[in-house]
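1. Fold the following.
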Amino acid sequence: MSFTTRPELQGTFGVCASTHWIATAVGMRMLEAGGNAFDAGVAMGFALNVVEPHLNGPLGDMPALVWPAGAEAPQVICGQGTAPAGATLDHYRAEGLELIPGSGLLATVIPGAFDAWMVMLRDHGTMTLREVLEPAIFYAEEGHPVLASVSAMIAQNADLFRDHWPTSAATWLPGGEAPAPGAMFRNPELAAFWRRLLDEAETAEGREAQIEAARRAFYEGFVAEAIDDYLRDACVIDGTGVARKGVLTGQDMAGWRATTEQAVSVDYHGWQVWKAGPWSQGPSLLQSLRLLDALGYGKEDPYSDAAVHRITEVLKLSMADREAYYGDPDHSTVPLQTLLSADYARARAGLVGSMASLEQRPGMIDGLEAQAEAFMARAARMRATDAGIGGGEPTFSHLAPTPEAPKGPDEGDTVHIDVIDRWGNMVSATPSGGWLQSNPVVPGLGVPLNSRAQMFWLEEGLPTSLAPGRRPRTTLTPSMALRPDGTRLAFGTPGGDQQDQWQLIFLLRLVHQQMNLQEAIDGPLFHSQHLQASFYPRGCKPGVLMIEPNFPQATLDALRARGHLLTEAAPWSIGRLTATSRSPEGLLKAAATPRLMQAYAAGR
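-> Residues are numbered from 1 along each chain as shown. Below is the predicted model of the structure:
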């Protein structure tokens, strides 16, 4: 039997996995109380707002895949808010910006996560809003042991809060200082926000009517009013060190709601894999599968240089297409059918040689060549630099623990949730945004706005050009899959640009080595930093491959010989994968990463 850090859990009643043990326990509490996977997922999402506030919040964003029992395929709930009406290229350029900062009021889009959770609860859940919110209110009001990473993030930004973001100082610096790791931490203002939301919702009769009342209170009532009132006058320092006003208004919020759409998929060795559309980076994983299939991947030792090299070179190609062509399909032409076709993959596969490429090589698609050329020009002039005040990607693993750049207190990432209940309902969701370091706390709400607008470009003619009403091309990318034997899977990870890289490695281990969920998660991981980063300051690191040192030394040496610029990460430091599955007979399984000693799976 292969050793794993934890057992692969098995049962028949229900399984939950998330990036924090408290959220996982909250999910199981919902299942034990008779709720389904959708009730559990919503409750877990609210709990994560409280216990991982440096990685997600109620004013953030969230895509989810939902697969009701008996349905042929999953659907996507899109909780990615759009750019406000005032978010024009002319306005941002007039502010002296060439890139949207990684933090600050101009980095904000319409908060989308809350409405996505409400759509999930209304359309698929069984519990009331009060039932799914009560655990989160408890932890916000009564307190929870603060994570060391939360404590470090607050301490790192303490002077920023004291000097420039006083509303954040009032929330995150109780007694004037950052909470110590493990100390009980409370957010009474957030608890009061949620209690008022419940009070207004419960003026309506019936479960669905109350959910609709909560949505109105959030997007047209007191929540939108609090945000509008604050942003009308606020002029605060952003990631560039300059004080600027925001453009989001209550009217923007009133005109937006979460949507439901079909997932996109490809087949790979008899497996069907589903992702969100090209407003996420999800199709890049599907493109990678197509490329690997064209290359005949599958017989390699997964820990060999041959396997790591092939996967890395494929990722460079799919991520180049992501940067050139992905965006909001409601506002741009995204050639997704071409990008996911087997013919396109076969044509691209010939670019993978025996040596590491240091070039950015998007495919050239008829009529859209200018987009590919614009990407290559950007990548050529942009290299990784400092992310600025409070900004950039909230992902730990892009920072190399070297003597020159030791791992700092900003290590962290976003969050993820997977749930399956006894009836076969499934959720995979990746909430993010509204990090405590992204923006000042909104008075009366106890939480900050998101900074997802940093993924737009301030140049014209791109599918990711800033424009009112357009979704930023997010990195958030939950996954679902169907095995040839009928087993269904829900899985994912936090990690910014790395999400679909780590998920690809995990999935390949299931398909080709028949590893169990925990084995596939525990195996050493890697990711390419060659791509154009999605987060400010949007730099590239051509040829750089970050890899865990528990790969065989011969593999590391051979990868260097192939021309990869290796950066060895700290042991057990890359990725925060979680996964769940259900067989046609009803056998449930779950697993979670031991990395950061925080994620947990539970089930029975």
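2. show me where the stretch 1-150 of the chain has strands.
-> If DSSP state E, counting those that start in this stretch is used as the criterion, the strands of the stretch 1-150 of the chain fall at 9-11, 14-18, 62-67, 75-79, 144-145.
3. Report the contact partners of Gln75.
-> For Gln75, the contacting residues are Leu65, Val66, Trp67, Thr260, Glu261, Gln262, Ala263, taking Cβ atoms under 8 Å, 6 or more residues apart in numbering as the criterion. Yep, even glycine has a C-beta here, placed from its N, CA and C like the rest.
4. Double-check that the fifth one belongs to a helix.
-> So that's Glu261. No - with the criterion set as DSSP: H, G, I helix; E, B strand; the rest coil, the secondary structure at Glu261 is strand rather than a helix.
5. Counting neighbours, what do you get for it?
-> The criterion is other Cβ atoms under 10 Å. On that basis, Glu261 has 13 neighbouring residues.
6. Closest to the centroid, which residue in this structure?
-> Averaging the C-alpha coordinates of the chain gives a centre point, and the residue nearest to it by Cα atoms, centre = their mean is Leu476 (3.3 Å).
7. I figured that residue hits Ser428, correct?
-> No - at 11.1 Å, Leu476 and Ser428 do not qualify as touching, with contact defined as Cβ atoms under 8 Å.
8. For stretch 533-550, buried residues please.
-> Applying a neighbour-count criterion of 16 or more other Cβ atoms under 10 Å, one finds 533-548 buried in stretch 533-550.
9. Same check on stretch 119-138?
-> Using 16+ other Cβ under 10 Å as the test for burial, stretch 119-138 gives 119-122, 124-125, 127-137.
10. how about the strands in the stretch 351-500 of the chain?
-> Under the criterion DSSP E, counting those that start in this stretch, the stretch 351-500 of the chain contains strands at 417-421, 426-429, 479-482, 488-492.
11. Tell me which of the ones you listed sits nearest to Val511.
-> Set against Val511 and scored by Cβ to Cβ, the strands of the stretch 351-500 of the chain come closest in strand 479-482, at 9.1 Å.
12. What separation is there between the spatially closest residue to Gly246 that is not a sequence neighbour and Leu248?
-> Of all residues not flanking Gly246 in the chain, Leu105 sits nearest, at 2.9 Å (Cβ to Cβ, 6 or more residues apart in numbering). For Leu105, the distance to Leu248 under the criterion Cβ to Cβ, to the nearest Å works out to 8 Å.
13. Tell me which of those two has more neighbours.
-> With other Cβ under 10 Å as the criterion, Leu105 and Leu248 differ in neighbour count, and Leu248 comes out ahead with 27 against 24.
14. Show the backbone phi and psi for the residue at the greatest distance from the centre of the chain.
-> Among the C-alpha atoms of the chain, the one farthest from their average position, using Cα atoms, centre = their mean, is that of Glu205, at 35.0 Å. Backbone dihedrals for Glu205, given as degrees, to the nearest 10, come out at phi -100, psi 130.
15. got it, and Asp252?
-> Dihedral angles phi and psi of Asp252 (degrees, to the nearest 10) take the values phi -60, psi -50.
16. isn't it right next to Pro84, touching?
-> Yes - contact criterion Cβ under 8 Å: Asp252 and Pro84 qualify, at 4.3 Å.
17. Find the residues that touch each one of the two.
-> With Cβ under 8 Å, 6+ apart as the test, Asp252 and Pro84 both reach Ile110.
18. In this structure, where is pLDDT below threshold?
-> By pLDDT under 70, the low-scoring segments of the chain are 1, 384-413.
19. returning to that earlier point: from the strands of the stretch 1-150 of the chain, which stretch is densest packed?
-> Mean neighbour counts were taken over those using mean count of other Cβ atoms under 10 Å, and the top value, a mean of 32, falls to strand 14-18.
20. between that one and strand 417-421, how big is the angle?
-> 180 degrees (axes from the mean of the first three to the mean of the last three Cα atoms, to 10 degrees).
21. which helices and strands sit right next to strand 14-18?
-> In this structure, strand 14-18 makes packing contacts with helix 21-32, helix 37-51, strand 417-421, strand 578-582, strand 588-592, strand 600-603, judged by 3 or more Cβ pairs under 8 Å, 6 or more residues apart in numbering; DSSP states H and E.
22. 6 Å instead?
-> helix 21-32, strand 417-421, strand 578-582, strand 588-592, strand 600-603 (3 or more Cβ pairs under 6 Å, 6 or more residues apart in numbering; DSSP states H and E).
23. Identify the residues contacting Leu517.
-> Applying Cβ atoms under 6 Å, 6 or more residues apart in numbering to Leu517 gives the contacts Glu8, Ala579, Lys589, Ala591.
24. Once you drop chain neighbours, what's closest to it?
-> Ala591 (3.7 Å).
25. Number of residues surrounding that neighbour?
-> By the criterion of other Cβ under 10 Å, Ala591 has 30 neighbours.
26. The one 3 residues further on too?
-> By the criterion of other Cβ under 10 Å, Pro594 has 16 neighbours.
27. shouldn't it be in contact with Pro7?
-> No - in this structure, Pro594 is not within contact of Pro7 by Cβ atoms under 6 Å, at 11.8 Å.
28. Dihedrals phi and psi, the residue nearest to Ala263 when sequence neighbours are not counted?
-> Among residues not flanking Ala263 along the chain, Trp274 sits closest, at 4.1 Å (Cβ to Cβ, 6+ apart). As for Trp274, its main-chain torsions (degrees, to the nearest 10) stand at phi -120, psi 140.
29. what does Ala324 give?
-> Here the main-chain torsion angles of Ala324 (degrees, to the nearest 10) amount to phi -80, psi -40.
30. my guess is it meets Ala370, correct?
-> No - under the criterion of Cβ under 6 Å, Ala324 makes no contact with Ala370, lying 9.7 Å away.
31. neighbour count winner among those two?
-> Ala324 (31 against 11).
32. Around the residue nearest to the more buried one when sequence neighbours are not counted, how many other residues sit close by?
-> Sequence neighbours aside, Pro362 is the residue nearest to Ala324 in space, at 3.9 Å (criterion: Cβ to Cβ, 6+ apart). For Pro362, the neighbour count with other Cβ under 10 Å is 24.
33. tell me the phi and psi of Pro362?
-> Per degrees, to the nearest 10, the residue geometry at Pro362, taken as phi and psi, is phi -70, psi 160.
34. tell me the contacts of it?
-> When contacts are counted by Cβ under 6 Å, 6+ apart, Pro362 is found next to Ala320, Asp321, Ala324, Ala372, Phe375.
35. how far away is it from Glu373?
-> When Cβ to Cβ is applied, the distance between Pro362 and Glu373 equals 9 Å.
36. Over to Glu131?
-> For Glu131, the distance to Glu373 under the criterion Cβ to Cβ works out to 53 Å.
37. Mind putting the contacts of Leu517 into a markdown table with distance to Ser149?
-> Converted to a markdown table, those look like this (distance: Cβ to Cβ, whole Å):
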| residue | distance to Ser149 |
| --- | --- |
| Glu8 | 26 |
| Ala579 | 22 |
| Lys589 | 28 |
| Ala591 | 22 |
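38. Tell me if I'm right that Ala83 and Ile110 touch.
-> No - with contacts counted by Cβ under 6 Å, Ala83 stays clear of Ile110, the gap being 7.9 Å.
39. JSON lines for the strands of the stretch 351-500 of the chain, including mean neighbour count and distance to His20?
-> Output for those, formatted as JSON lines (neighbours: other Cβ atoms under 10 Å; distance: least, Cβ to Cβ, whole Å):
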{"stretch": "strand 417-421", "mean neighbour count": "31", "distance to His20": "10"}
{"stretch": "strand 426-429", "mean neighbour count": "30", "distance to His20": "14"}
{"stretch": "strand 479-482", "mean neighbour count": "25", "distance to His20": "20"}
{"stretch": "strand 488-492", "mean neighbour count": "27", "distance to His20": "14"}
